[in-house]
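Trainee: The sequence and its predicted three-dimensional model are supplied below.
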Amino acid sequence: MANTREIKLRIKGVNETKKITKAMKLISAVKLRKAREMHDRTLPFFKHIQETMVDILLRVPDMELIYFDKRENKKDRKKAYIVLSSDSGLTGGYNTNITKFAVEKVDKENGIVFPIGNTIKNYMLRNEYNVQEIEDLEEYSVDTKIAGDIASQMIKMFKEEKIDELELVYTEMESAMHLVPHSIKLLPLERKEFERKEKNINQELEFEPSPEVVFDVLTSKYISGILYGGMVESFVSEHFARMNAMDSATTNAEKMVNKLTLNYNRARQAAITQEISEIIGGAANV
């Protein structure tokens, strides 16, 4: 059994670790709440954009737009994936699950991966996937401007036929205890997503300078909104996973401290008993 001094040092070290894990749990809880609030504030705006796009297509159903071009007959179609992970660990199974899901989704031979997060980026590079950096993304944060910049860059690549299809791979918190990897297609757009069952048009609308130009602008905002929603969901999932991991670590640290305290008391009692025995033995020899 270790002596009392060694046990005291271990108890001190575990208590220091417990303080860190508890602080990290509280930080993640604050970030999670703020991310949810941001998402709730911006959601009505992006929903209104989608409704406006529906209105345009309802009034101009035959409008030809590149965003709906599936390029099904094109040889060597290039499919791209934006994959969201965390920059750091201590998130339980969050990074492992999204990495496993991404590996199943991504076509290693013909796919292009745009990673957001060091965990997925390092994994894809190590395993020799076709990884491309998102331009001018020096510091990533969950922000509508960053989502808009990424969306604009992806749309430009789609128009230039550098990519022919784009998917977003992210994690969604479906319930308090259920974090599920998801994927959603960003480009090309599906017309059925903009169809309305009611065909009645009760109000005339004019679009300046033209419906095509307005739809073009709105498409960028629409894709930006979906991307931002995925970023928020991944951010929330990451910090929820970290909260749980840090909560478990704190609980385990408390159990370890209790066990070490018991061992310390036993060691101290044994030392006291030995001292008494030595005193008694010494007195008997006098």
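Mentor: Sure, I can see it.

Trainee: contacts and neighbour counts: CA atoms only from here.
Mentor: Fine.

Trainee: residues touching the spatially most central residue of the chain, list them.
Mentor: Centroid-nearest residue in the chain: Ser234, 2.5 Å away (criterion: Cα atoms, centre = their mean). Ser234 makes contacts with 84-85, 170-173, as judged by Cα atoms under 8 Å, 6 or more residues apart in numbering.

Trainee: between the residues you listed, which is nearest Ile150?
Mentor: Leu84 (12.7 Å; Cα to Cα).

Trainee: Which parts of this protein belong to which domain?
Mentor: Domain ranges of the chain: 4-18+247-284, 32-244, per automatic domain parsing.

Trainee: what about the longest helix seen in the chain, average pLDDT?
Mentor: Identified as the longest helix of the chain according to DSSP state H is helix 211-284. For helix 211-284, the mean pLDDT works out to 83.

Trainee: Gly148 and Ser85, how far apart?
Mentor: Gly148 is 19 Å from Ser85, where distance means Cα to Cα, to the nearest Å.

Trainee: More neighbours: the two, which one.
Mentor: Higher neighbour count among Gly148 and Ser85: Ser85, with 27 against 19, using other Cα atoms under 10 Å.

Trainee: which ones are touching the more buried one?
Mentor: Applying Cα under 8 Å, 6+ apart, we find Ser85 in contact with 95, 98-99, 115-120, 170, 234, 238.

Trainee: Low-confidence ranges, the chain, go.
Mentor: When residues are selected by pLDDT under 70, those of the chain lie in 1-2, 138, 176-177, 195-205, 282-286.

Trainee: As a check, name the ranges of all helices in it.
Mentor: Assigned by DSSP H, the chain shows helices spanning 4-59, 94-105, 118-126, 144-159, 211-284.

Trainee: Figure out which of those helices is closest to Ala80.
Mentor: When these are compared by Cα to Cα, helix 144-159 sits nearest Ala80, at 9.2 Å.

Trainee: For that closest one, C-alpha coordinates in CSV please.
Mentor: Only the C-alpha atoms of helix 144-159 are listed here, as CSV (Å, rounded to 0.1, in the frame of the first residue of the first chain):
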residue,chain,number,x,y,z
THR,A,144,-24.1,33.6,-40.3
LYS,A,145,-21.4,35.6,-42.1
ILE,A,146,-19.1,32.6,-42.2
ALA,A,147,-22.0,30.4,-43.4
GLY,A,148,-22.7,32.9,-46.1
ASP,A,149,-19.1,33.0,-47.3
ILE,A,150,-18.9,29.2,-47.4
ALA,A,151,-22.2,29.0,-49.3
SER,A,152,-21.1,31.6,-51.9
GLN,A,153,-17.8,29.8,-52.5
MET,A,154,-19.6,26.4,-53.0
ILE,A,155,-22.2,28.0,-55.3
LYS,A,156,-19.4,29.5,-57.4
MET,A,157,-17.7,26.1,-57.7
PHE,A,158,-21.0,24.6,-58.7
LYS,A,159,-21.6,27.2,-61.4
